[in-house]
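Novice: Sequence and predicted structure are below.
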Number of protein chains: 4
Amino acid sequence: MMEGGLSAATMEAIAARAGVGKATIYKWWPSRGAVALEGFMVSAADSWSLPEGASASEALRLLATSAVRLFVDTPAGQLMRSLAADAQSQPEIALALREQWFRPRRAVVVEIIRQGIENGELRADLDVAATVDLVFAPVYYRLLFSHEPLDEEFATRSIEHVLHGIAARE
Amino acid sequence: MMEGGLSAATMEAIAARAGVGKATIYKWWPSRGAVALEGFMVSAADSWSLPEGASASEALRLLATSAVRLFVDTPAGQLMRSLAADAQSQPEIALALREQWFRPRRAVVVEIIRQGIENGELRADLDVAATVDLVFAPVYYRLLFSHEPLDEEFATRSIEHVLHGIAARE
Amino acid sequence: MMEGGLSAATMEAIAARAGVGKATIYKWWPSRGAVALEGFMVSAADSWSLPEGASASEALRLLATSAVRLFVDTPAGQLMRSLAADAQSQPEIALALREQWFRPRRAVVVEIIRQGIENGELRADLDVAATVDLVFAPVYYRLLFSHEPLDEEFATRSIEHVLHGIAARE
Amino acid sequence: MMEGGLSAATMEAIAARAGVGKATIYKWWPSRGAVALEGFMVSAADSWSLPEGASASEALRLLATSAVRLFVDTPAGQLMRSLAADAQSQPEIALALREQWFRPRRAVVVEIIRQGIENGELRADLDVAATVDLVFAPVYYRLLFSHEPLDEEFATRSIEHVLHGIAARE
DNA sequence: CCGTAAGCGAGACGGTACGTCCCGTCTTGAG
DNA sequence: CTCAAGACGGGACGTACCGTCTCGCTTACGG
């Protein structure tokens, strides 16, 4: 997948590259997407570090920038692009991706936001789900459409804007 | 595409459904993605209405909610999902999508934001590109991953949060 | 047909080469085979000269050698190969070929043989149809299968063998 | 091929009829002609019986009549027609047909004729290649052009004429 | 002498078959 | 027994021609 582009990652190519029969792959994963998902989960496994006791704003900034690093510096970016593509036509992939990747990750962020609200760092009237989306959506948006460069500075600024708003303070 | 899901929209099926030979389709469009792109552009053609003289915040809210309506109420949603998927492995599709859809649309939003800054409605120190992303990214994010419902209320709240920030005011 | 081999002689190529629309060809001929047949008939038109008053054996020799010349020296050879090929799967071509080419030509030969029998030059107990075949078959056989060179010497020897037999005279 | 005529024997039809994917056929044979050739060779495999110790004339008669039987009574006739047609535009088919079918078969006949010459049964001054053609050409000629019926009687008479000549004995 | 209709080039069209690629399943043979 | 290797039935791909059709252009004929 990293070598010939996403579309070169056929099951046959994966098997040949791994020096393995196709049947063996099908024994362990039901589809190409499942292979990619597992590859992605492995690739992303160590991107979960969050400093204990950080402020909510600091935590959100860290989450956004480490997502960028994950996508830019590791195969996880390509894998996520492949998964996102597959998810559009294969509901099982979409489901697995939601359950295994997005759900637990979002749960963490929800918790961070809740604590931020509780300790008065964040507004009390937030739509929490929408807030989670505001943290991550820009990263995925640029990953998938590449209309602008995806880098940590972008993530940092996005989070800053989300935190303090883009409207001028009167 | 609307009938059998994205993956049923093979060139052969499209041709058969249109009562047309495959060669005819290839004469006019170079690939399935190009067909989808044109279908999408047609579908989305009339979603460009912006009231003259609206405030920046009102305009951004309208853009976000009308994007939601476009994706939810018309085939454009399915078509965009298909295009986003294809764009991951076909650079020509990615390019065409950026040039024909995102670029002009973003240009409009950039202008709105610029005017908002000028007339003091928006902060002067904004990263304009990042701000554009904050308007649209949440909509595409939910369209593509379906982790949470995509509706106008969500868009409205996202924009509200982006405008005024999620951080508590001291 | 002479330029790119038999299989390059598509209707489209013929039309383009002639600087003519396909429809015009279909207006005058019902199929590619009909075009080839007419081309062949024209090509072969002047190969019918038979000296009056020749002996039967001389006439048969002339017929065989002039068939060879026709096939070797003019486009008629290629055209006949094409027609023979088409005739295997298109009964109309086979019929037209028989009626327009073989029948009149064979009639001439039948007459020559009859006269040869009458004037005592040929055996009286001949199977005339089989005899006609013996005159022409070797030429077509080599034309179509090219297992051995097709030249006038071959035709001459064939006719000689047919005339006097291959069995030793006791 | 036997069911719908030669032109119905498309690769797709052959595959469907055989309950097989097209790719499987292409894995084993490079073209439709190669399939036909192998089918023909199988069909014709057991048509090689020649009684030991027969006279040359008897052997030639047997060869001609058994060729007729092969073409009339088995699928080999249709297959040969198809092969002859393909050979006109596909040199590989022509070559394979010559090498695998005509060459070995002609070699046998050459040997028969040589022995016939040696033991005084046949003329010593024969053009052997032309003689071989005289034995088989009439059969192929009628097979391919169908201008007259192809039957054993025809083959027998042809051989008789070839053996003893069509010229009257003085 | 020009307006108009016929004739034709060009090629778009609905279709069929091509030969290829990859899918997901099944079979085989070596370790 | 397991598994690599890969054959297999299947389906879509993108291409080449088929035979039909509709366009405009041009050309020459009749008013």
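Specialist: That came through, no problem. Numbering: from 1, shown residues only, chains lettered A, B, ... in the order given.

Novice: which ones are touching the most centrally placed residue in chain A?
Specialist: Among the residues of chain A, A:Ala67 comes closest to the average C-alpha position under CA atoms, centre = their mean, at 6.0 Å. If you count contacts by CB atoms under 8 Å, 6 or more residues apart in numbering or on different chains, A:Ala67 has them with A:Ser47, A:Phe136, A:Val139, A:Ala155. In this view, the C-beta of every residue, glycine as well, is placed from N, C-alpha and C.

Novice: likewise A:Glu152?
Specialist: Contacts of A:Glu152 (CB under 8 Å, 6+ apart): A:Thr65, A:Val68, A:Arg69.

Novice: For these, which entry has the maximal number of neighbours?
Specialist: A:Val68 (23 neighbours; other CB atoms under 10 Å in any protein chain shown).

Novice: Return the closest of the contacts of A:Ala67 with respect to DNA strand F.
Specialist: A:Ser47 (30.0 Å; CB to the nearest atom of the strand).

Novice: and the gap between the spatially closest residue to the closest one that is not a sequence neighbour and DNA strand F?
Specialist: Closest residue to A:Ser47 apart from its sequence neighbours, by CB to CB, 6 or more residues apart in numbering or on different chains: A:Leu70 at 4.6 Å. Using CB to the nearest atom of the strand, to the nearest Å, one gets 30 Å for the distance from A:Leu70 to DNA strand F.

Novice: I'd say A:Leu70 and A:Ala45 touch.
Specialist: No. Checked against CB atoms under 8 Å, the pair A:Leu70 and A:Ala45 is beyond contact range at 10.3 Å.

Novice: got a list of what the residue of chain A found nearest chain B touches?
Specialist: Of all residues in chain A, A:Gly165 sits closest to chain B, at 3.0 Å by CB to the nearest CB. Residues near A:Gly165 by CB under 8 Å, 6+ apart: B:Arg123, B:His161, B:Val162, B:Leu163, B:His164, B:Gly165, B:Ile166, B:Ala167.

Novice: The third one: how many residues sit nearby?
Specialist: Taking other CB under 10 Å as the neighbour definition, B:Val162 ends up with a count of 25.

Novice: go on, the fourth one?
Specialist: Residues near B:Leu163, counting by other CB under 10 Å, number 20.

Novice: That one: which element?
Specialist: Assigned by DSSP states H and E, B:Leu163 belongs to helix B:152-164.

Novice: quick one: average confidence on that helix?
Specialist: Averaged across helix B:152-164, pLDDT comes to 98.

Novice: Quick one: distance of it to the chain centre.
Specialist: In this view, helix B:152-164 has its centroid 16 Å away from the chain centroid, taken as CA atoms, centre = their mean, to the nearest Å.

Novice: For that helix, buried residues please.
Specialist: By neighbour count on 16 or more other CB atoms under 10 Å in any protein chain shown, the buried set for helix B:152-164 is B:Phe154, B:Ala155, B:Thr156, B:Arg157, B:Ser158, B:Ile159, B:Glu160, B:His161, B:Val162, B:Leu163, B:His164.

Novice: what residues are up against the fifth one?
Specialist: I take that to be B:Ser158. A:Asp127, A:Ala130, A:Asp133, A:Leu134, B:Ala64, B:Pro138, B:Val139.

Novice: coming back round to it: help me confirm that the residue nearest to A:Ser47 is found in a helix?
Specialist: Yes. According to DSSP: H, G, I helix; E, B strand; the rest coil, A:Leu70 belongs to a helix.

Novice: ok, it - contacts?
Specialist: A:Leu70 neighbours (CB under 8 Å, 6+ apart): A:Ser43, A:Ala44, A:Ser47, A:Ala76, A:Gly77.

Novice: Can you tell me the element whichever residue of chain A sits closest to chain D falls in?
Specialist: Residue nearest to chain D within chain A: A:Glu12 (13.2 Å; CB to the nearest CB). In the assignment (DSSP H and E), A:Glu12 maps to helix A:11-18.

Novice: any residue of that helix up close to DNA strand E?
Specialist: Yes. For helix A:11-18, a contact with DNA strand E is found by CB under 7 Å from any atom of the strand, at A:Met11, A:Glu12.

Novice: and the helix or strand following that helix, anywhere near chain D?
Specialist: Sequence-wise, the next helix or strand downstream of helix A:11-18 (DSSP H and E) is helix A:22-28. No. Helix A:22-28 is not in contact with chain D by CB under 8 Å from any CB of the partner chain; minimum separation 15.5 Å.

Novice: For helix A:22-28, buried residues please.
Specialist: Residues A:Ile25 are the ones in helix A:22-28 that count as buried (16+ other CB under 10 Å).

Novice: now for that helix, which elements pack on it?
Specialist: Contact partners of helix A:22-28 among helices and strands, from 3 or more CB pairs under 8 Å, 6 or more residues apart in numbering or on different chains; DSSP states H and E: helix A:11-18.

Novice: Give the buried residues for the helix it packs on.
Specialist: For helix A:11-18, by 16+ other CB under 10 Å, it's A:Ile14, A:Ala15.

Novice: So which other helices or strands are in contact with it?
Specialist: Using 3+ CB pairs under 8 Å, 6+ apart as the contact test, the elements touching helix A:11-18 are helix A:22-28, helix A:32-44.

Novice: what about those helices, which gets the closest to DNA strand E?
Specialist: Taking the helices and strands packed on helix A:11-18 one by one with CB to the nearest atom of the strand, helix A:22-28 is closest: 3.4 Å.

Novice: Alpha carbons of that closest one, as CSV, please.
Specialist: What follows is helix A:22-28, C-alpha atoms only, in CSV (Å, rounded to 0.1, in the frame of the first residue of the first chain):
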residue,chain,number,x,y,z
LYS,A,22,-4.3,-15.6,-0.5
ALA,A,23,-6.3,-18.2,1.4
THR,A,24,-4.2,-17.6,4.5
ILE,A,25,-5.1,-13.9,4.5
TYR,A,26,-8.8,-14.7,4.1
LYS,A,27,-8.4,-17.1,7.0
TRP,A,28,-7.5,-14.3,9.3
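
Novice: For chain A, which residues are neighbours of DNA strand F?
Specialist: A:Gly19, A:Val20, A:Gly21, A:Lys22, A:Ala23, A:Thr24, A:Lys27.

Novice: Redo those as CSV? Include distance to DNA strand E.
Specialist: Below are the residues of chain A next to DNA strand F laid out as CSV (distance: CB to the nearest atom of the strand, whole Å):
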residue, distance to DNA strand E
A:Gly19, 14
A:Val20, 12
A:Gly21, 7
A:Lys22, 5
A:Ala23, 3
A:Thr24, 9
A:Lys27, 9
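
Novice: Those: which two are farthest apart?
Specialist: A:Gly19 and A:Lys27 (15.4 Å; CB to CB).

Novice: Please report how far the closest residue to A:Glu58 other than its chain neighbours lies from A:Ile113.
Specialist: Leaving aside its chain neighbours, A:Glu58 sits nearest to A:Pro51 (7.9 Å; criterion: CB to CB, 6+ apart). For A:Pro51, the distance to A:Ile113 equals 17 Å [CB to CB, to the nearest Å].

Novice: Likewise for A:Arg61?
Specialist: Between A:Arg61 and A:Ile113 the computed distance is 13 Å (CB to CB).

Novice: same thing with A:Ser89?
Specialist: Remark: distance between A:Ser89 and A:Ile113 (CB to CB) = 33 Å.

Novice: quick one, which of these two is more surrounded?
Specialist: Ranked by neighbour count (other CB under 10 Å), A:Ser89 and A:Ile113 place A:Ile113 first, with 22 against 17.

Novice: can you tell me which residues contact that one?
Specialist: By CB under 8 Å, 6+ apart, the neighbours of A:Ile113 are A:Ala56, A:Leu60, A:Leu122, A:Leu126, A:Val128, A:Thr131, A:Val132.

Novice: which stretch of helix or strand covers it?
Specialist: Using DSSP H and E, A:Ile113 falls in helix A:103-118.

Novice: if we can go back for a sec, got the contacts of A:Gly165 as CSV, with distance to DNA strand E columns?
Specialist: Shown next, in CSV, are those (distance: CB to the nearest atom of the strand, whole Å):
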residue, distance to DNA strand E
B:Arg123, 49
B:His161, 41
B:Val162, 40
B:Leu163, 45
B:His164, 47
B:Gly165, 46
B:Ile166, 42
B:Ala167, 47
